[in-house]
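predicted model and sequence below, questions to follow.
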Amino acid sequence: MVSKKICVIGQFAVGKTSLVRRYVLDEFSHDYQATLGVNIYKYSDTVEYPAGGETTLNQIIWDIEGGDTNPEKTGTYIQGAAGALIVGDITRPESIAAMSDHARLFQSLRPGRPIAFALNKIDLLDEPPAMDADERLTKEFGADVVRTSAAIGTAVPELFRRLGGRILEIGA
């Protein structure tokens, strides 16, 4: 059994809290309440090592308030993180563009630690968008990009487990 801190970062209203609550509590609410500061959740899950085998990963998930990529403000929350989940709203191009800024901030404060990207709210689309954002983020950061829906639960456990596996892989 291993315990690791994971930060969830992104702009306001992209679904960070909803993803965490779907994963940890298997629930979803349509009522939006902005996170002020940070909400901390604890959750244990079985995670596979990329090279094979599995273990229980105790995750201390820091759901950080949205918007700011100021290292002085966000840096305190990010300290000690083994990895980060960067979230964007697939229906809002500006939030997807901001994902790179959030990833660069995390990497500047926690170099070498893995990140994963969630393109959230796919349930709100009539048809899947082009894979441009997925490919750009993968190319720039070498990280997993997962299309998710906190509302209906699409790919949420997979997202956290893939990031957990990357964290275990490097021993961060």
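Arrived safely. Numbering: from 1, shown residues only.

for the lowest-mean-pLDDT helix or strand in the chain, buried residues please.
Every helix and strand in the chain was compared by mean pLDDT, DSSP states H and E; the lowest is helix 71-78, with a mean of 82. Residues of helix 71-78 classed as buried by neighbour count (16 or more other Cβ atoms under 10 Å): 74, 77-78. Heads up, the C-betas are built off the backbone N, CA and C, glycines and all.

which strands and helices sit next to it?
strand 2-10, strand 54-64, helix 93-109 (3 or more Cβ pairs under 8 Å, 6 or more residues apart in numbering; DSSP states H and E).

where's the most centrally placed residue in the chain, which helix or strand?
Nearest residue to the geometric centre of the chain (Cα atoms, centre = their mean): Leu85, 2.0 Å. Using DSSP states H and E, the element containing Leu85 is strand 83-89.

just to revisit the earlier point, give me whichever of the helices and strands packed on helix 71-78 is most buried.
Comparing the helices and strands packed on helix 71-78 by mean neighbour count (mean count of other Cβ atoms under 10 Å), strand 2-10 ranks first with a mean of 23.

give me the sheet partners of it and which way each runs.
Note on strand 2-10: by DSSP bridges, its sheet partners are strand 54-64 (parallel), strand 83-89 (parallel).

need the ones you listed in JSON lines (columns: mean pLDDT and distance to Ile40).
Below are the strands paired with strand 2-10 laid out as JSON lines (pLDDT from 0 to 100; distance: least, Cβ to Cβ, whole Å):
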{"stretch": "strand 54-64", "mean pLDDT": "96", "distance to Ile40": "6"}
{"stretch": "strand 83-89", "mean pLDDT": "97", "distance to Ile40": "14"}
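
export these as a markdown table, with columns for distance to Phe12.
Below are those laid out as a markdown table (distance: least, Cβ to Cβ, whole Å):
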| stretch | distance to Phe12 |
| --- | --- |
| strand 54-64 | 11 |
| strand 83-89 | 10 |
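
so which of those strands is nearest Ser29?
For the strands paired with strand 2-10, proximity to Ser29 was assessed by Cβ to Cβ; strand 54-64 is nearest, at 14.0 Å.

ok now that closest one, how far from the chain's centre?
Centroid separation between strand 54-64 and its chain, computed with Cα atoms, centre = their mean, to the nearest Å, is 11 Å.

who touches that strand?
1-9, 16-17, 20, 23-24, 35, 38-49, 74, 77-78, 81, 160, 164, 167-168 (Cβ atoms under 8 Å, 6 or more residues apart in numbering).
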